[in-house]
Structures are given as structure tokens and as C-alpha cells.
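**Q** heads up, no residue letters with this:
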């Protein structure tokens, strides 16, 4: 699970965060970079083909490796093909092919996530699931460092002395990332196919759609009544400040004159460490004060950290300022993420946990990712400082929704607080 977690975490930044750094250094306009964040919307729709991954076999591959491992291998090969395609293209010369390759990587990555969740759940009994999940997350976090800081370091080391943009350096770095997926491929090949679990088959297509899509929603609405609208609205916009701001972070670093080495050291490595610290702090605070209070605190901290970026935009190239701002931003992100995950966990019915969690996570991404697509246009017209202030302001409705949720007691957490915090 450590190695498979690494394989799952590797593609994410390569088609979103790190790619935006490459594109901006290549001179791609910020508005175009903003629109390219819509590639990430594929993750928001993975629930659409998740039932197919769960129930269908791949001809030949499934015969050789089994249903779960065949889907893992298929997804990993898609990621490799997409990354290799990006290696052969200079976005300064051909941008559209880069977009198609990024879409292929995103689709393969989302499919791998679906197959890997099923593989993990079926590979061990319930007593070992926590250990598997923790090991998976460790591998995932290591991959984020490698695909964030690692790519920047590799590209910096591969520069051939060319003044300014060097496409060969980036292509070398992405080739190393494509080779790194072999960690997941080799692990899948040598892993044991889990015992096949036969699902109760629906009698027809209508019944299948009802079981897959209608029942999880109907269950949620039945349990929460009219409060479901309030809760779903909160889910949709809770992370809107972070997601909209995040797509312009790397172009901001480039435009402020920070080198790849500086961003790698501060943003990608130190930032990930502070996220883990924030997650630990968030877990302790949630256990002590309850989910909703820390959810409220996380929303405030997320907005304040965006205001710190607005201040940094007025300072020019300030490495010490970058360290402090990145520290505060990732600490607040860790706290908010833990509270939000605890919130979603308490909402789900165990009978539909996988589907409801997938649907909730999709709803969480749709509006913020769509809005983030216009971030580059806003920066071009109003500047970075105003953009960061704007991302803080759009988080204000989140505080209102949390207050309403608490006021109307839409969700009862008293008996769940200690469990979801743990």
C-alpha cells in the first residue's frame, strides 16, 4: 500500500500545480493556465464510471491478472502514456497536445483511485484497514513531495545553461516522473489479487441506476430533510477559497522571481510538512472542541492565509516572507482539511459510504474548480494582490452556512465527535 499510495499521489500535481509552473515559465498567459485547471474536473466526475470499474472485467488483462489488478495496470499505463506524451511536446510551441495528454493522465489517475480503493478494501479484513489506509496516505504524501519539489529540482539540475526557459529540462523531469510510475506497476504485478466479492446484481438497467445513484441521494435526503440543502451548500463551497487561489500560486511564484530551487524547498517540502502538522493539530482540536467549531476555525484561517498572499504580492522577491506565508497557509489547510473530512465522515451512511463519499467529494470540487478556471483572467485585469483578497472574500458565505448549520442543528455531532476526530 505504501508503493501503490505513491503511484496514486504522483499524477495529481503533474497535471495541476507543477504543470502551471512549467507553463508560466514557458510564457503561457495566466488566463490560459487558469482555464487549464478544468482538467482537474475529471476527478469530480469519477463516480460516473466508478460502477463500471467495480463490476466490469477487462478482456485478456482480467484473465491474466484478475479484475482489480487489471484495472490498476490499465490505469497506470494510461498515466505513463500521458506523461510520455507530455515529454515529447514543448507547450510554448504546441499547447493543445499538452492539454490532451494532461486529460489522459487525469483520467488514468482518477481510474486508478477507483480501482485502488476497491483493491485496498478487499485485500484485508476490517481490523487491518486503518493500517492500510495510513500506509497508503504516507506513500501518497511522499509522492506529492516527489511530484512537486522533485520535479522542480530535477528541472533545475537539468538546465543546460540556457538563459530563461529551457524546455529540455522540463521534459527530462517529466520523463523521470513517467518512470516513477513503474513503482506502482511493479507493485501491482507482484501483488496478490484479492478474493473476488460477488455483488448482488440488479435485475435491469433501471434497477442498477437506482441502486447506484438514486438510493444514496434518497437516503441522505430522508435522514436530513430540508437541512440537506443547507448541508450540501456548505459542502459545495467550503474549500472554495483554497481551490480558487491555489491554481495561481505557481504562476505567482514565477512572476515574483522565485527560482525552482526556492519554491521546491519552501512550498513543496516545507509546505507539505506544515500540512501534516496542521492535520495533527486539527485532529486534536476537533477531538477537544468538536467538528463544527474547528470547521468554522478552518474557514477563517483559510481566508486569512489568502490575505497573507495579498501582502506577499506587495513585497517582491522576499524569501523569508514566502516561508512565513507558506507555513501559515499549509497549517491552516491541514486544520481545515481534517475538520472537513470529519464533517463528511459523520454525514455518510455506512451502507452507501463509498458512493456518498465520492458524490460529496465531487460536489466539493465542481464549483471551486470551475470558478478557478477564470482566476488567470482576474489576475491579468486586477493583479495578484486584488486576486488574493478576492479569494478571501468569497470564503465569507462559508462562515454563514456553518453558523446556520450549528444554529438549526442540521447535523447532530455530540455522539460522533470523538469517533470522527480519531
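**A** In hand now; what should we look at? Remember, predicted model here, so these are calculated numbers, not experimental data.
**Q** The nearest residue to residue 84 once chain neighbours are set aside: how many residues sit nearby?
**A** Nearest residue to residue 84, sequence neighbours excluded (Cβ to Cβ, 6 or more residues apart in numbering): residue 178, at 5.2 Å. Heads up, the C-betas are built off the backbone N, CA and C, glycines and all. Neighbourhood size, residue 178 [other Cβ atoms under 10 Å]: 20.
**Q** likewise the one 3 residues further on?
**A** Here the neighbour count serves as a burial measure; for residue 181 (other Cβ under 10 Å) it reads 24.
**Q** That one and residue 6, how far apart?
**A** Distance, residue 181 to residue 6, by Cβ to Cβ, to the nearest Å: 9 Å.
**Q** what about the residue nearest to residue 84, which SS state?
**A** Classification of residue 178 by DSSP: H, G, I helix; E, B strand; the rest coil places it in helix.
**Q** Where does pLDDT dip in the stretch 301-422 of the chain?
**A** 345, 348-358, 361, 409-422 (pLDDT under 70).
**Q** mind running it again at 80?
**A** Regions of the stretch 301-422 of the chain meeting the criterion pLDDT under 80 cover residues 337-338, 341-342, 344-365, 407-422.
**Q** Helices along that one, start to end?
**A** For the stretch 301-422 of the chain, the helices defined by DSSP state H, counting those that start in this stretch cover 319-347, 353-372, 375-393, 396-407, 417-421.
**Q** mind checking which of those is nearest residue 61?
**A** helix 353-372 (23.1 Å; Cβ to Cβ).
**Q** what number of residues lie near residue 85?
**A** Residue 85, neighbours per other Cβ under 10 Å, totals 18.
**Q** Please identify the helix or strand for it.
**A** helix 67-87 (DSSP states H and E).
**Q** thinking again about what came up before, which one, of the helices of the stretch 301-422 of the chain, ends up nearest to residue 52?
**A** helix 353-372 (13.3 Å).
**Q** wait, what's in contact with the residue nearest to residue 84?
**A** 80, 83, 84, 87 (Cβ atoms under 8 Å, 6 or more residues apart in numbering).
**Q** Tell me the spacing between residue 368 and residue 239.
**A** 6 Å.
**Q** Next, the buried residues of stretch 367-386.
**A** Neighbour counts over stretch 367-386 (16 or more other Cβ atoms under 10 Å) mark 367, 368, 369, 371, 372, 373, 375, 376, 378, 379, 384, 385 as buried.
**Q** So what touches that stretch?
**A** 29-35, 37-38, 40-41, 44, 236-237, 239-240, 242-248, 251-252, 255, 309-310, 313-314, 387, 390, 394.
**Q** Hmm, residue 238 is touching residue 299, no?
**A** Yes - contact criterion Cβ atoms under 8 Å: residue 238 and residue 299 qualify, at 6.9 Å.
**Q** List the residues that are in contact with both of those two.
**A** Joint contacts of residue 238 and residue 299 (Cβ under 8 Å, 6+ apart) are 336, 398.
**Q** When those two are compared, which one has more neighbours?
**A** Between residue 238 and residue 299, residue 299 has the larger neighbour count (other Cβ under 10 Å), namely 28 against 25.
**Q** which ones are touching residue 233?
**A** Contacts for residue 233 (Cβ under 8 Å, 6+ apart) come out as residue 401.
**Q** mind giving me the domain split of this protein?
**A** 1-199, 203-422 (automatic domain parsing).
**Q** Out of these, which gets the lowest mean score?
**A** Mean pLDDT is lowest for domain 203-422 among those, at a mean of 80.
**Q** for the helix or strand harbouring residue 171, which positions count as buried?
**A** Using DSSP H and E, residue 171 falls within helix 167-180. Using 16+ other Cβ under 10 Å as the test for burial, helix 167-180 gives 167, 169, 170, 171, 172, 173, 174, 175, 176, 177, 178, 180.
**Q** Go ahead and confirm the fourth one touches residue 84.
**A** Which is residue 171. No - under the criterion of Cβ under 8 Å, residue 171 is not in contact with residue 84, lying 10.2 Å apart.
**Q** Tell me which stretches of the stretch 1-150 of the chain form helices.
**A** Using DSSP H, counting those that start in this stretch, helices in the stretch 1-150 of the chain cover 2-15, 17-25, 30-35, 41-44, 46-55, 61-65, 67-87, 95-122, 129-145.
**Q** Export these to CSV and append columns for distance to residue 156.
**A** Shown next, in CSV, are the helices of the stretch 1-150 of the chain (distance: least, Cβ to Cβ, whole Å):
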stretch, distance to residue 156
helix 2-15, 16
helix 17-25, 11
helix 30-35, 20
helix 41-44, 29
helix 46-55, 33
helix 61-65, 39
helix 67-87, 17
helix 95-122, 21
helix 129-145, 15
